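Trainee: sequence first, then the predicted structure, then my questions.
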Amino acid sequence: AQRVTQPEKLLSVFKGAPVELKCNYSYSGSPELFWYVQYSRQRLQLLLRHISRESIKGFTADLNKGETSFHLKKPFAQEEDSAMYYCALRNTGGFKTIFGAGTRLFVKA
Amino acid sequence: GAGVSQTPSNKVTEKGKYVELRCDPISGHTALYWYRQSLGQGPEFLIYFQGTGAADDSGLPNDRFFAVRPEGSVSTLKIQRTERGDSAVYLCASSFLAGVGTDTQYFGPGTRLTVL
């Protein structure tokens, strides 16, 4: 079964501390992995995708096929990073996207 | 430019009633998606359109749910005989070209449906 698991519903860190939002997936094919973010009173938006190997707003995520994980990391959290983060996958070349339940990140001053 | 818009922003209805939710995608986007997001959950895929046709409706929970996109632009999600369990935020997204590695889905603000 296709599934995305985000084990933490809430993650609270202090400003300047490293942050890691965990994501594990189960998928039989070759998935594309994504992180989406939803800031307070804003729309859900794409943060980054694994195939681009990009760093967005200081965040990076590495796809580990052996561990079927796609954890999101940032070395120094900022207050403006406080938001809801969703990990998602879809089949390569496909269109059906499966989302995790989300992790709320709260960065304290 | 204008993003994806959805109307109404909120809809309260009574159990058993019929509702229609509208999505206006970004101009030129051929792909359109509907999702349902229940409280405390991530978005759940419902249906995907490529142009006018529903390429995948495997996420529609039952035959009370139906969606159309007659001219390949605006889409309407229709729910018959609403049930309290249908209460959720219904999200619409559009993209320029589905299934391509750099394709990006742009989400609307959602319609919050409450069935009393």
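Mentor: Received it, and whenever you're ready, just let me know what you need.
Trainee: residues in chain A within reach of chain B, list them.
Mentor: A:4, A:9, A:32, A:43-46, A:49, A:51-52, A:86, A:88, A:92-102 (CB under 8 Å from any CB of the partner chain). Any C-beta I mention is one placed from the backbone N, CA and C, and that applies to glycine too.
Trainee: same thing but 7 Å
Mentor: Listed as neighbours of chain B in chain A under the rule CB under 7 Å from any CB of the partner chain: A:32, A:43-46, A:51, A:86, A:93-102.
Trainee: what sits up against the helix-or-strand element of chain B with minimal mean pLDDT?
Mentor: Using mean pLDDT, DSSP states H and E, the weakest-scoring helix or strand in chain B turns out to be strand B:53-56, at a mean of 88. With contact meaning CB atoms under 7 Å, 6 or more residues apart in numbering or on different chains, strand B:53-56 is reached by A:Phe95, A:Lys96, B:Ile47, B:Tyr48, B:Phe49, B:Ala67.
Trainee: make TSV from those and add pLDDT to it.
Mentor: TSV is the format used below for those (pLDDT from 0 to 100):
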residue	pLDDT
A:Phe95	82
A:Lys96	88
B:Ile47	96
B:Tyr48	93
B:Phe49	94
B:Ala67	97
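Trainee: which among these end up buried?
Mentor: Neighbour-count burial (16 or more other CB atoms under 10 Å in any protein chain shown) applied to the contacts of strand B:53-56 gives A:Phe95, A:Lys96, B:Ile47, B:Tyr48, B:Phe49, B:Ala67.
Trainee: hmm, the helix or strand where the fifth one lies in reach of chain A?
Mentor: Per DSSP states H and E, B:Phe49 falls inside strand B:44-50. Yes - among the residues of strand B:44-50, B:Phe45, B:Tyr48 lie within reach of chain A under CB under 7 Å from any CB.
Trainee: and the pLDDT at the residue of chain B found nearest chain A?
Mentor: Residue nearest to chain A within chain B (CB to the nearest CB): B:Gly42, separated by 3.2 Å. With respect to pLDDT, B:Gly42 has a value of 97.
Trainee: wait, a strand at it?
Mentor: No - per DSSP: H, G, I helix; E, B strand; the rest coil, B:Gly42 lies outside any strand segment and is coil.
Trainee: count of neighbours near the nearest residue to it once chain neighbours are set aside?
Mentor: Spatial nearest neighbour of B:Gly42, excluding adjacent residues (CB to CB, 6 or more residues apart in numbering or on different chains): A:Phe99 at 3.2 Å. Per other CB atoms under 10 Å in any protein chain shown, the neighbour tally for A:Phe99 reads 22.
Trainee: per-residue pLDDT, the residue nearest to the spatial centre of chain B?
Mentor: Central residue of chain B (CA atoms, centre = their mean): B:Trp34, 3.0 Å from the mean position. Looking at B:Trp34, its pLDDT stands at 98.
Trainee: contacts only, for it.
Mentor: Shown in contact with B:Trp34 (CB under 7 Å, 6+ apart): B:Leu46, B:Ile47, B:Ala67, B:Leu77, B:Tyr90, B:Cys92.
Trainee: cool, B:Arg36 as well?
Mentor: B:Arg36 makes contact with B:Glu44, B:Leu46, B:Ala88, B:Tyr90, according to CB under 7 Å, 6+ apart.
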